[in-house]
Structure formats: structure tokens, C-alpha cells
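The sequence and its predicted three-dimensional model are supplied below.
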Amino acid sequence: MKKLAIIGDPVSHSHSPEIHNFISKRNGLDYRYEILETPRGTLKDRICMLKSEYAGFNVTSPYKIEVMQYLDEISPQAQKYGAVNTVVNRKGKLYGYNTDADGFFMSIPGRSVSGKHILILGAGGAAHPVAMNFAERGAASVTILNRTAKKAEDIKENLAKYGLKLETEQKRERYDLIINCTTLGMGKHKNMLPPLDLGIIDEKTLVGDMIYNPPKTLFLKESEKRGAKIFNGLGMLVYQAVLAYELFADVKLNENTADEIFKEVFGL
Ligand code: NAP
């Protein structure tokens, strides 16, 4: 049996084992996926162990950037996004990838960002790859608003290196797609809304939230009240995992895989 894992701190809440182990079982593949809590300061030793014993692993907060220094090769896409969430061990060499941004794109109802005006709230590790991915896919405009303006400016600079444009001010009265990439709406911030005039949301707006617990954040509830079509972060979680599994096992999974996971693992 080949071993897979997710590392992070904290990571005990992760649903990734359920998703990956479901895929293994469904496809008769001999992989077992587990959670490896990796306290801060122990990443180097953890990678050493993974390199000798595991076929691959996922990386979550706070290690998506730090892990890059320990890898033998990093895909051009992950280099651009400046973050790795999937590592494949091929004959003792570690290869880093990023499946978060494509995973998020695949979770968007209609999967269309080309020609759209997009507003992203938040400029953390999750917002950056997604903003870049949208710009690469031909969005008409991508705007990032963040409490700490400097972080949004840093992302703008990185995109500019690749000839991609990012706005860091709200210049429009409406957007086709608005996404919450802040932590406002979950945990101790459960009753908080991201800073935005909700008046810009109407029945033509598609509103997403990267948060999936709770399944419907206050932001999604308020957006729905204004007639918007909404989606949460569960799709991102599932699609990034499906893409990661294909890299781990070097297989192409059935295109119904994500739908099966929603149904069989999450009861949706
Ligand atoms: P992060 O790097 O810690 O960034 C957090 C963001 O939230 C920053 O932009 C931060 O603004 C903002 N923020 C936090 N508290 C705030 C407040 N009181 N007022 C205004 N802004 C505030 O986190 P991340 O990794 O990007 O994750 C962002 C969200 O996406 C989280 O909710 C995470 O759970 C979710 N996520 C979901 C998936 C999935 O698979 N569905 C995957 C990754 C992440 P400052 O820069 O000003 O601090």
C-alpha cells in the first residue's frame, strides 16, 4: 500500500482523508491517505520523513510557501502562484504543484470567467493564486480589496511580472463575480461580513465564498437575499483534491468523480 498525507498546523479538521480514501476505494487504487499534524518548526524533519515513506502529500496553512524550499522541482504554474499545495514523490524526488486555483475555477457554476468583471475580497494565500488564474483565463478585470492594502499591492506587483493586470480599488458599480477570500464568516468571525457595500450585489451577480463551514456564511445569506446566485468553498476543496489525486496516482479520474464525492462523502 502506498501512503499519502496532508500536512499543516492545525490540520486535524481536514476532510481530505475522506475525499482521497473515497477515490482510492472507488477506483480500486492502493493508496491510503492520512492527516499528519505538523507543528511549526518541524516542517524540515517532516518533509525528510515524507520523502522516504510517502508517495505524495498535500500542504495546507501555514506551509504552502515555506514548503517550496524543500522540493526538487516546482511546476511553472506553482512558481507563478508562489504556493504549493500538492507534492508528488517520484523515485525520491519531490515535485510541487498548485491545484487550488484550478480547483476553485472548476467549482464556479458555469466555469466561466472570460470577459467577466471580478471582485475578490481578501489578499491572503488563497486569494493570490485565484486572482492570477482569473487574469490568465481572460477576465475583463480582476480587483482585489484587502484590509491591509500593502498585501493587495504585492499581489498586483507579482501579476505585473507576468504581464497580468490587477486593480486594487473598487472602480465599478457592479461586478459579475464577487468572492470572499477572507476568514470573515467562519469560526470566531462567524457573524461578520467582509467589508463591502452589499448594495452592489443584485440578481445578476454570482457570489462565492471560499468558506465551507458553515455551508452558508452570513455573506452568502445576505447575497442570496439580494437575488444573487451563490456557491461556497466545498467545491474548491473537492476539485483541488481530485486534481491532486490525479497527480499522486498519475491517473485520469472519471469526470463524475467530484459529483460522486459530493453525494457519497458529503451527502449532497
Ligand atoms: P490568510 O492568508 O490568513 O488570509 C486571510 C485574509 O482575511 C486576509 O486577506 C486578511 O486581511 C483577511 N481578514 C482576516 N480578518 C479580517 C478582518 N477582521 N477584517 C478584514 N479582513 C480580514 O487565509 P487564506 O489561506 O487566504 O484563506 C482565506 C479563506 O479561504 C479562509 O476562510 C480559508 O478557510 C478559505 N480557504 C478555503 C479553501 C477551500 O478549499 N475551500 C482553501 C483555502 C482557503 P489582512 O491581509 O488585512 O490580514
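Done, it's in.

ok, now which ones touch the residue in the stretch 151-268 of the chain positioned nearest to the ligand?
Evaluated by C-beta to the nearest ligand atom, the stretch 151-268 of the chain has Gly233 as its residue closest to the ligand, separated by 2.9 Å. From N, CA and C alone the C-beta is placed, and that goes for glycine too. For Gly233, the residues meeting the contact criterion (C-beta atoms under 8 Å, 6 or more residues apart in numbering) are 107, 208-212.

Show the buried residues in these.
Applying a neighbour-count criterion of 16 or more other C-beta atoms under 10 Å, the buried members of those are 107, 208-212.

check contacts around the residue positioned nearest the centre of the chain.
When the chain is reduced to its mean C-alpha position, the nearest residue by C-alpha atoms, centre = their mean turns out to be Asp100, at 3.5 Å. Contact analysis of Asp100 by C-beta under 8 Å, 6+ apart lists 81, 83, 85, 126, 129-130, 236, 240.

Backbone dihedrals for it, please?
The phi/psi pair for Asp100 (degrees, to the nearest 10) reads phi -60, psi -50.

Give me the local confidence score for the residue of the stretch 101-250 of the chain found nearest the ligand.
Scanning the stretch 101-250 of the chain for the residue nearest the ligand gives Gly124, at 2.0 Å (criterion: C-beta to the nearest ligand atom). According to the per-residue confidence, Gly124 scores 90 in pLDDT.

So what's the residue count around Lys165?
The tally of other residues near Lys165 (other C-beta atoms under 10 Å) stands at 11.

Quickly note the distance from the residue nearest to the centre of the chain to the ligand.
Per C-beta to the nearest ligand atom, to the nearest Å, Asp100 is found 6 Å from the ligand.

Repeat that for Gly56.
Summarising the geometry, the distance separating Gly56 from the ligand, computed by C-beta to the nearest ligand atom, is 18 Å.

what's the helix or strand for the closest residue to that residue other than its chain neighbours?
Distances taken as C-beta to C-beta, 6 or more residues apart in numbering place Phe248 nearest to Gly56, at 4.1 Å, with adjacent residues excluded. If you go by DSSP states H and E, Phe248 is part of helix 234-249.

same check, this time on Tyr33
The secondary structure element spanning Tyr33 is strand 31-37 (assigned by DSSP H and E).

strands paired with that strand, and their directions?
Using DSSP bridges, strand 31-37 pairs in its sheet with strand 2-8 (parallel).

State the mean pLDDT of the partner strand.
Across strand 2-8, the per-residue pLDDT values average to 98.

Can you give me the buried ones in the helix or strand just after it?
Where DSSP H and E defines the elements, the next helix or strand beyond strand 2-8 is helix 16-27. Taking 16+ other C-beta under 10 Å as the basis for neighbour counts, the residues of helix 16-27 that come out buried are 16, 19-24.

where does the chain come near the ligand, residue by residue?
With C-beta under 6 Å from any ligand atom as the criterion, the chain comes near the ligand at residues 61, 122-127, 146-148, 151, 181-184, 186, 195, 210-212, 233, 236-237.

Pull out the buried members of those residues.
122-123, 125-127, 146, 151, 181-184, 186, 210-212, 233, 236-237.

Select from those residues every entry located in helices.
Where these overlap with helices, as defined by DSSP state H, the overlap consists of 127, 151, 236-237.
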